[in-house]
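**Q** Quick one, what's the 3D model for this:
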Amino acid sequence: CSKIFLLHLGDEFGVRDVNSVYELCSHSWRTFCTNTYFNAKHISCIPLGYKSGMQAEKKTNDDRTNKWSFIGTPHKSSRQDLLFQLSKTKPHFIHSTKEFNDKSTINAYEMGKILLNTKFVPCPNGFFHPETYRVYEALECGCIPIVEKAYNYYDRLLPNNPFLKVDMWAEAKPIIKSWGNDQIKQKRDECKIWWNNLKNELQESIKNKIIS
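**A** Numbering: from 1, shown residues only. Predicted coordinates:
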């Protein structure tokens with residue numbers, strides 16, 4: 001082979017030295033990026049994306065019932081604080097699981113139905129890494145992601161992204177409670193356009209690397 005390309009998915013904990021593998025490749029794309037990879041010459045950082053089977057937004061739905069939704073494991077203090085701060089802001093949808101991939105976890109199709117009826121999706125940091133699938137599931141279903149500012153991770157991974165960012169979950173409460181329909185629609189439209197453009201740009205950039 002004159003060229004080898006690698007799509008490296010997973011590796012959330014980053015405990016193995018994979019640079020010796022990357023050095024064999026013409027170019028590599030990986031998820032769960034760290035400082036080591038953000039500015040690497042032959043490595044590109046890509047977003048996690050969303051689970052297969054997720055229902056995407058087919059049309060604009062301005063009549064969403066849930067102000068916010070959380071589906072997942074409240075395993076860290078940040079997530080406990082999220083639920084504490086926002087639980088009185090109704091209507092909402094909460095489905096807590098004991099662990100990742102718990103049997104009681106809602107499947108991707110059902111999750112899509114819930115998110116298609118949700119305006120805001122708080123996206124706390126993952127168990128080990130700031131990035132989670134929740135951000136992209138929210139975007140795919142036309143919701144507004146609210147992320148934590150930790151390490152400015154999303155600004156480094158996805159410059160000029162339209163996400164709402166908070167230092168503490170108490171800051172999300174007045175946004176979810178007081179934003180009007182026009183303000184929500186404007187931000188949702190901004191997120192939708194940005195997300196569709198990003199997906200197209202990622203496809204083009206990968207294709208161009210391979211055929212160049």
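**Q** And the longest helix seen in the chain, what does it pack against?
**A** Longest helix of the chain, by residue count under DSSP state H: helix 181-211. Packing contacts for helix 181-211, counted by 3 or more Cβ pairs under 8 Å, 6 or more residues apart in numbering; DSSP states H and E, involve helix 133-140, strand 144-148. Backbone N, C-alpha and C define where each C-beta goes, glycine included.
**Q** roughly how far is the longest one from the heart of the chain?
**A** A distance of 4 Å separates the C-alpha centroid of helix 133-140 from that of its chain, computed with Cα atoms, centre = their mean, to the nearest Å.
**Q** Kindly report the same for the shortest one.
**A** Centre-to-centre, strand 144-148 and its host chain are 8 Å apart (Cα atoms, centre = their mean).
**Q** The lowest-mean-pLDDT helix or strand in the chain: which residues count as buried?
**A** Lowest by mean pLDDT, DSSP states H and E among the helices and strands of the chain is helix 35-38, with a mean of 90. For helix 35-38, the neighbour count (16 or more other Cβ atoms under 10 Å) marks residue 37 as buried.
**Q** circling back: got the angle between the longest helix of the chain and strand 144-148?
**A** 80 degrees (axes from the mean of the first three to the mean of the last three Cα atoms, to 10 degrees).
**Q** Now helix 181-211: buried residues?
**A** Of all the residues in helix 181-211, those buried under the rule 16+ other Cβ under 10 Å are 184, 187, 188, 191, 192, 194, 195, 206.
**Q** which residues touch the second one?
**A** The one in question is residue 187. 144, 162, 164, 179 (Cβ atoms under 8 Å, 6 or more residues apart in numbering).
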